[in-house]
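> give me a 3D structure for the following:
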Amino acid sequence: QPINTLVPGNRWGKSTIIAMKHIYKCVFKVGQTRSERDAGDPYETISVAMSADQAEIVYKEAKRLLSSKGLRPLVKTFRSSPFPHIIFTNGSVMHCRSAHDDGKYIDGHRYQYLSIDEAGWITNLRHLMTNVTLMRLAGGGEIDLIGTPKGYNDLYFYFERGQRGVPGYYSQRGSIYDNPFLPEEDIKVRDALLASA
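Numbering: from 1, shown residues only. Take a look at the predicted model:
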């Protein structure tokens, strides 16, 4: 849907999933029309988080995945300054920015895909969505909000819309037990700690 909300538990693998989705969108230029491609319109995605440090986690994961022998030819260059971004061989660009200062670092571009990581920590999420994010979204674009709701906050507002089936919204939960790559011992230790807390 145009606005999707994922509320997974810790160690679910959300950073990897977000990175994979950015790579997929950039490689195949999902949502861009043939006429836009022929006209040389830019194709850009952006991973946003409350802080630059948090946004860089998805960048580092995308870089790790794209550094494998099979995927490295898809990338022209990795750049860490002035902001982390990946330039793909086909001209697509994946940006990573902070939502700090009312989203001023997001402004000025047109994105086909936008993900907001740890969206539950962004206290002005609805304001950011209404006044910045939705204005930056290219036609046919998509926004993913990812994080754990911190009570009945703005992230919960979007999650609840998806749960009710409001047109244009989708929401999904995720559990640590969904991740088949976590060692069983790690899960047992976490269960024991939670039980004794």
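
> ok, now which ones touch P149?
For P149, the contact set (C-beta atoms under 8 Å, 6 or more residues apart in numbering) comprises 7, 120, 155-156, 159. For glycine as for every other residue, the C-beta is placed from the backbone atoms N, C-alpha and C.

> and if you look at T16?
Residues near T16 by C-beta under 8 Å, 6+ apart: 61, 65.

> give me the distance between it and Q163.
Per C-beta to C-beta, to the nearest Å, T16 is found 25 Å from Q163.

> taking the contacts of P149 together, which two end up most distant?
Largest separation among the contacts of P149 by C-beta to C-beta: G120 and F159, giving 9.5 Å.

> more neighbours, the two?
A direct count of neighbours by other C-beta atoms under 10 Å for G120 and F159 places F159 higher, at 25 against 22.

> what helix or strand does that one sit in?
helix 154-164 (DSSP states H and E).

> what pLDDT does R72 get?
On pLDDT, R72 comes in at 96.

> go ahead and confirm it touches K63.
No. Contact criterion C-beta atoms under 8 Å: R72 and K63 do not qualify, at 10.5 Å.

> follow-up on the earlier one: any shared contact partners between G120 and F159?
Shared contacts of G120 and F159, defined by C-beta under 8 Å, 6+ apart, are found at 7, 149.

> just give the nearest non-adjacent residue to V27, would you?
Sequence neighbours aside, L74 is the residue nearest to V27 in space, at 5.8 Å (criterion: C-beta to C-beta, 6 or more residues apart in numbering).

> now do K76
Once flanking residues are discounted, K76 sits nearest to I87: 4.6 Å by C-beta to C-beta, 6+ apart.

> what mean pLDDT does the helix or strand that contains the one you found have?
Here I87, judged by DSSP H and E, is contained in strand 85-88. Mean pLDDT, strand 85-88: 98.

> likewise for stretch 190-197?
For stretch 190-197, the mean pLDDT works out to 80.

> and after the helix or strand harbouring S35, which helix or strand comes next?
According to DSSP H and E, S35 maps onto helix 34-38. Counting by DSSP H and E, the next helix or strand C-terminal to helix 34-38 is strand 44-49.

> does anything pack onto that next one? Which helices or strands?
Secondary-structure packing of strand 44-49 (3 or more C-beta pairs under 8 Å, 6 or more residues apart in numbering; DSSP states H and E): helix 14-28, helix 52-66, strand 93-98, strand 111-117.

> what pairs with the residue most central in space within the chain across the strands?
The chain has S115 as the residue nearest its centroid, 2.8 Å off, counting by C-alpha atoms, centre = their mean. Counting by DSSP bridges, S115 forms beta bridges with S47, D144.

> kind regards, and thank you for your time.
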